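>>> no sequence for this one, just the structure:
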C-alpha cells in the first residue's frame, strides 16, 4: 500500500503501450478530432509572429524611412491587428474544442478501466484476496489510474501539437533565413538534453521526498492509534525524538529536490538567452548586410520562444509515460490474474435444494504451487442430511474454517469432491450455488447505508414489512428498533457506530431475510458480551431452523445442541457424533470440553 | 489570518532574506527586455551603412554580451532564491509538524475518543502543507506578482501613457475572471473529490466485504452500484473541467488581445517617432516582451487567492490541536509518586465522559496493596471508566482517586503512569522488533531482562520459533502474529515495565482454550505482588479475586468475595446466573461424566 515497496518508474515498454492503446479505440474519432483541433491551433499560432513581422517590415520600417504614407501605415496596422484578433478568436474556439474533447476521452477511458478493474475484482477467487492486501487492489483503481488519466487526456494531442510547433517554428525560420535559422536551431539539442537530464534527476529526487513522507506519515499514524500505549508507558519524549529524525530526513529530501528542480528553469532560461543573443548579434550583422529585415528579427525571437513550451511538454510527457508504465503494468497484472474458480463450460443452474451436503474424501491445500505435502485438509468425508446442524470444533488452525469455505466453493478441492443435493459443487454455476448459501462471519461486515439496506443486501426486493417480520422472528427487532433512528440508522464500514453485538444481529437478520438453504456461521458468536449473547443464541437457534447449518465455534457452549459434532484436528476429522456421545467417548472432544469449562 | 502569521513569525529573518533575493531576481528579469529594446533600436541604424552603423554594431555587440551576463546572473539568482525559499518552507513545516506532534502526544484520551485518526493524521501531513503554501503565496508569490505588474506598469507609463493604457486595458477583465474562477473552481473540485470518495468507498467495502458479496451472489448489484457512483464522479469532474475551460482560456484570449492592440497603437507611435511624442521601435518591442512576462503573473493571482482560501480552514484545524488544553493537566506543584505498596482509594468519585451524563456515581472503596480486584457488570456499567481513572487518563468530576495516600492529580503524570501498567483488550504493538516492543516502557532494558519478561509472559517459546527471534520485525511491515501471541507480548511488555499497579481486561476472545490457558498463566504471573484491577469476563478470574466490585449503571451495587456475593443472591448472583448458566451446566455434565 505504501508505495515505498513499489517502483514508480519503468522503462517504456511497447507492448504495454499497445495494450493501453486498445482502451482508446472506442474513442478514436474523438481523439482524431482533438488532435486535428490542436494541429489547427498550432498552425494558427505559427502565423502570429509572422504577422508581427509583416507589421514591422511592411509598414513600420517603410514609415520610418518615409517611403509610405502615414494613412496607409495606420490602415495596414489595423488590418494586421484585426487579423491577429480574429485568429486569436479562432484559436480560442480550437482550444475549447480540444479541452472538451480530450477531457471527455481521458475521463471516459479512465472510467472504462476503472469499471474493468471492478468487474474483474468481482470474479477473482477468494485465494487472491487472501494473498493480496486490500490497499494494493484499491491503489490500482486509485493512484495508478491517476497516472493513466494524464496520459489518456493530453499525451496524444500535446505530442502532436508540440512536434508541429517545433517543426513549424524551425520551418518558418528557415523560410526567412537559412543561416540564422540553423544557428538558432542549435539551441534545441541542449534544451532536450537539459530537460532529459533534469527530468530524470527530479523524478529520483521526488521519489525520495515521497518515501520520507510516507515513513513520516506511518509514524504519525502509529503514534495516534497507539496513543493509549504511548501515554501509559510514558514514551512521549523518545517518540518525539524519533519523529524529529524522520522530519529532518523529509526536509533534507525536499531541499535536495528543490535544488534539482530550481536549477531546471534557470538552465532552460539561460539557453534561451543564449539563443536570443545569437539572434540579435548574428541578426544585426545580417540586417546590416541587407539579408535580414528588422521584422524578421523580431519574428525570430518570437519563434525562439516557441521552443520552450514543447521541449518542456515532451519532458513532462516522458516522465508521465515512465510513471504510467509502472502503473499500467500493475493494472494489467490485476486484470490478467485469472480467477482460479470459474463456472465450468455448461455448468448447470443449481435448482432449489433440500440441503444435503456430502464431503467425499476431500483433500485441500491453500499452497497450490507446492507439492501437496502440506494438506490443510486430508481425506475429509462426512455426510449431512437436509436440515441438520453440524458443529465443527477443534484447535486453531485445524481446518474448520477451511471446511466451511469449500462449501460455497470459495476454493476448489484438490482431491475428492463436494456434493450439494447430489450435484458436484464444480458442476453448478457459482451464482446459483452462492444464492443458496449464507455466511455469517465472526467480524460481521456491514456496508455504508442504513441498517435496513444492509438487512436487504441479500434480497434487495424484500419489503420493509418482511424485514421487520424477519427481525422479530429471530429476536433482533427490539435491539435494532432501539437504535437512534431505528432501522434507518446509518452504519459505516464495519458497522461504525453500532456495537459488535448489534452488528452481529444485523448480519443475522440479513442472513434470515436472504433465506439460504445452507447456512454457515463462522465463529459468529465469539467476542460478544454476555447480555447480547443471550439474544444472539436465540437468533442462532432461529436461523438454523429448517435449513442445513454449519457452525464453527471455539466456545463449546454453542455447539451442544447441534445434531452432529465433527472434531477437526490437523486437517482430519478425528471424532464425530452428538455432544453427548462424544463426551461419553472420553476422547479429544471431552478433553477440550473439560479445558473449556475450566477457563 | 493574524494567527496564521504567528505560526511563521519565528522564521521572519529567513523570510526577509528570501524576499530580498526574490526582488533581486525580479530586477534582473526586468532588465532583459530593456536591453533587447536598446539593441533593437540600433537595428535601423545598422542598415544605413556609414559610421553610424559601425557605432550601432558595437552597441549591439555590447548589449548582446550584457544580455547574456544578466541572463546568467538571473539564472543563478533564480536558483538561490528557489532553494532558499524551499528551505524556509521546509523549516516552517518542520516546526509546525513538531509542535503538532508534541501537542497530540500530550492530549488526553477524551480528545482521541472524539477524533478520527485519519483526520488527525491529515492535520500533520496536508493541513500544515496548506499553511506553508499559503505562506509562500501570501509573501513571495504576491511580492513577485505585484513587483512585476507594478514595475512593468511604471515602465510602460514612463515611455508612453497612451500605449500603457491600451496595453493594460485587457488586464482588469482578465484578473476579474481569473480570481472569480479560482474561487468557483474550489467548490467544484471539492464536489468532485467528495464524489470520488464515494467511488473509493464502494470499492473498498466491496473488497473488505468480498465474502459477503460472494456469499449472497451480489456481484452484479455491486457492479451496478459502482458504475453509478463512477458515472456520477466523471460527470462532476467534467463539469468542473468544462467550467474552468469556458472561463480561463477565454480570459487568456482576452488578455492576448493586447498584442494586436499594442501593434496598432505602438506601430502608430513608432511611426510618429520619439521626437513627436511617439516611441522607438525597441520600446514597442519591450512592450511586447513585458506583456508576456505579465501574462502568467496574472494567473498566479488566481493561485494566490486559492491558497489563501484553503489555508484559513487548515489553520483552524491546526489550532484546534495546538489550542486543545489537555483536560488532564499537570498541577504546577505536582511531584513524583512517593514510594508505596500500591494502596488505591476511590473517594466518592463521580465521572462523566460527556458533561451531564455521569458514567460513574459516588464510587467509594479502597484496595489494599497487592489485592486482586475483579470488576463485574454489564456492558456500559462503567468498568472501563473506573479503571481509566487510576492512571489518570481522565479526571474525576467529583471526589478523588488516591494512590498510597496521594491524590493522583498531585502527582506528575509520567511518574504516575510509570507505576501503572495496562493490558488492553485490543493489543496494540508497534511496527518494530519483538525486543523493542517488549522494552517499550524501558528502552534501556538488557537482553536478559527482556528474555526473562518474555518467559514470565509465556511468550519466549513462540518468539524463539520466529525467524529472527527477538529481532523479528512485527506489525504492518513485518511478521503477522496471532491474537494470542500479541496478547502475550503485551503482557511481557507490562512485566518489564514493573508497575506498582496493574490494570487489565481479561477478555481473550477468539483464541482457543489452550492458548487462553497460556495467557491466563502469563497474567497471573504478572499480577503477583501488585495491586491488580481486572475487568472480568470469566468465572475463573472472578473466583480468584480478593475483592469483587459489582457495578450497575455507574454505581457500586455490591462488593465482597465470590462466596459471599453468591450467597447474598443479588445482582452478582443474577449476572453469575446469566453469564455462567451454561458453564455451570457444563460443569454438571462434566461432573457426571467423571462420576461415570
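Received the coordinates, thanks. Bear in mind that the values here come from a model prediction, so they are computed numbers and not experimental data. Residues are numbered from 1 along each chain as shown, chains lettered A, B, ... in the order given.
>>> and the spatially closest residue to residue A:72 that is not a sequence neighbour, what does it touch?
Excluding the flanking residues, the one nearest residue A:72 by CB to CB, 6 or more residues apart in numbering or on different chains is residue A:59, at 7.6 Å. Just so you know, the C-beta spots here come from the backbone N, C-alpha and C atoms, and that holds for glycine as well. Residues in contact with residue A:59 (CB atoms under 8 Å, 6 or more residues apart in numbering or on different chains) are A:68, A:72-73, A:76-77, A:80, B:267, B:271.
>>> I'd like the next helix or strand past the longest helix seen in chain B.
Assignment by DSSP state H gives helix B:50-106 as the longest helix of chain B. Once helix B:50-106 ends, the next helix or strand along the chain (criterion: DSSP states H and E) is helix B:109-114.
>>> Give the rounded mean pLDDT of that next one.
Averaging pLDDT along helix B:109-114 gives 74.
>>> do that helix and chain A meet at all?
Yes. Using CB under 8 Å from any CB of the partner chain, helix B:109-114 comes into contact with chain A via B:109, B:112.
>>> ok, what's across the strand from residue B:552?
In this structure, residue B:552 bridges to residue B:555 when assessed by DSSP bridges.
>>> Against residue B:574, how distant is it?
With distances taken as CB to CB, to the nearest Å, residue B:552 is found 10 Å from residue B:574.
>>> neighbour-wise, which of those two wins?
Legend: neighbour count by other CB atoms under 10 Å in any protein chain shown for residue B:552 and residue B:574, higher for residue B:552 (19 against 12).
>>> Tell me which residues touch the more buried one, please.
By CB under 8 Å, 6+ apart, the neighbours of residue B:552 are B:377-378, B:381, B:571.
>>> Mark which of those are part of helices, please.
Filtering these for helices - DSSP H - leaves residue B:571.
>>> which among the contacts of residue B:552 gets closest to residue A:468?
Comparing these against residue A:468 with CB to CB picks out residue B:378 as the nearest, at 27.0 Å.
>>> So which of the contacts of residue B:552 is the closest to chain A?
Of all the contacts of residue B:552, residue B:378 has the smallest distance to chain A: 5.4 Å, by CB to the nearest CB.
>>> Tell me how many other residues crowd the closest one.
18.
>>> What is the neighbour count of residue 542?
Using chain A here. Per other CB under 10 Å, the neighbour tally for residue A:542 reads 16.
>>> let's do chain B instead
Burial measure for residue B:542: 23 neighbouring residues, criterion other CB under 10 Å.
>>> List the contacts of it.
With CB under 8 Å, 6+ apart, residue B:542 has these contacts: B:374, B:376, B:536, B:548, B:562.
>>> Looking at those residues, which has the smallest pLDDT value?
Of all the contacts of residue B:542, residue B:536 has the smallest pLDDT value, namely 77.
>>> What helix or strand is the closest residue to that residue other than its chain neighbours located in?
The shortest distance from residue B:536 to any non-neighbouring residue, by CB to CB, 6+ apart, is to residue B:374 (4.2 Å). Residue B:374 is part of strand B:372-376, with elements assigned from DSSP H and E.
>>> cool, and residue B:332?
Under the criterion DSSP H and E, no helix or strand holds residue B:332.
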